[in-house]
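>>> no FASTA, just this:
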Ligand code: C2E
Ligand code: MG
Ligand code: MG
Ligand code: MG
């Protein structure tokens, strides 16, 4: 009877299991191939200075140009790349592309705009990020002052002294460092004050509630005040409504990112956003970028 059950299990589960395994193996191979051949592309989302309304930079967001499935967002491949040990190479490719693009804005359009690049835990903790940043700066000729790295709290807090050392080396190259998705982990605020940081990015999950939830509003305004007292700039992520922007203005938030200002766009659409002049003195008016 046990034999019979085993045989049933083999018949019922195995083909499905091995089919899924085969699919996954295929996907990993395709991803590996894409990373090696430039199939990881970037979209750029504008970042706005709330004090003068200017677009001061862009966040680079990875997209997978999949040979069959088209352009895929990070959820479809970043976790896979992390599990399969491909994320360090992928991150290096993203960094170079982002720096080349930003250097081109400078040389072709004569504007200074920063580029922000997301860094994965493995890239940072293994220390590879230092070589990758040096490499990308050298190959692109980008002014280091125009590069910002986005790290998350979780990668900084388990081994604070190593994190500080890597961050300090990065900072000595002249680049900036931001904490991404701030407010989603249980922040070690003491450590936060010791880290060589330039910016906090308040997570979208907090910003999306500020108009409807008093607690979220209090948390957002407290983060803004605290960040600024620590000498950091504070950016609000995921701003979608004029009401949220007004709240952020009233609470002296420095910078903003979100669909209200503009969705991530392919690099070909960036030049149009580079031509935008900051509005003159007076009320800040949201200038939605044509949403695709
Ligand atoms: P993130 O770094 O927090 O990036 C912001 C994400 O929020 C982006 O999603 C962006 O499209 C989205 N977003 C921006 N404004 C709004 C808004 O107003 N409303 C809503 N609903 N969403 C908004 P995306 O491009 O899907 O990226 C998701 C995450 O994938 C990123 O979150 C980042 O953690 C990760 N990621 C993206 N590119 C890379 C990369 O090159 N390397 C690594 N390690 N991670 C990356
Ligand atoms: Mg980010
Ligand atoms: Mg973010
Ligand atoms: Mg976020």
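Now that the structure is in, tell me what you want to look at. These numbers come from a predicted model, not from an experiment. Numbers count the residues shown, from 1 in each chain. Ligands and ions are numbered 1, 2, ... in the order given.
>>> need phi/psi at whichever residue of the chain sits closest to ligand 3.
For the chain and ligand 3, the shortest gap (Cβ to the ion) falls at residue 180, measuring 4.1 Å. C-betas here are computed from N, CA, C, even on glycine. The phi and psi torsions at residue 180 (degrees, to the nearest 10) take the values phi -90, psi 160.
>>> count the residues that sit near it.
Neighbour count of residue 180, defined by other Cβ atoms under 10 Å: 21.
>>> for it, give me its contacts.
The contact partners of residue 180, taken as Cβ atoms under 8 Å, 6 or more residues apart in numbering, are 118, 150, 151, 152, 201.
>>> just grab the bridge partners of the second one for me.
Residue 150 has these beta-bridge partners by DSSP bridges: residue 118, residue 178.
>>> please, which helix or strand holds residue 95?
helix 87-109 (DSSP states H and E).
>>> what does residue 26 give?
Going by DSSP H and E, residue 26 is part of helix 2-36.
>>> which parts of the stretch 51-200 of the chain are strands?
Assigned by DSSP state E, counting those that start in this stretch, the strands in the stretch 51-200 of the chain fall at 55-66, 70-72, 114-118, 147-152, 176-182, 199-202.
>>> just say which of those is most tucked in.
Highest mean neighbour count among the strands of the stretch 51-200 of the chain (mean count of other Cβ atoms under 10 Å): strand 199-202, with a mean of 26.
>>> what's next to that one, contact-wise?
Strand 199-202 has contacts (Cβ under 8 Å, 6+ apart) with 148, 150, 176-183, 220, 223-224, 227, 232-237, 253, 255, 257.
>>> paired strands for it, with orientation please.
Using DSSP bridges, strand 199-202 pairs in its sheet with strand 176-182 (parallel), strand 233-236 (parallel).
>>> and the nearest residue to residue 115 once chain neighbours are set aside, how many neighbours does it have?
Counting by Cβ to Cβ, 6 or more residues apart in numbering, residue 115 lies nearest to residue 102, which is 3.9 Å off, once chain neighbours are set aside. By other Cβ under 10 Å, the residues close to residue 102 number 26.
>>> and what of residue 215?
10.
>>> and what of the one 5 residues further on?
The local packing of residue 220 (other Cβ under 10 Å) involves 25 other residues.
>>> and if you look at residue 39?
Residue 39: 16 surrounding residues under other Cβ under 10 Å.
>>> circling back: and the helix holding residue 95 with ligand 2, contact?
No: Helix 87-109 lies out of reach of ligand 2 by Cβ under 5 Å from the ion, never closer than 11.5 Å.
>>> and the strands of the stretch 51-200 of the chain: which comes nearest residue 137?
Ranking those by distance to residue 137, with Cβ to Cβ as the measure, places strand 147-152 first at 7.0 Å.
>>> near ligand 2 at all, the closest one?
Yes: judged by Cβ under 5 Å from the ion, strand 147-152 and ligand 2 are in contact via residue 150.
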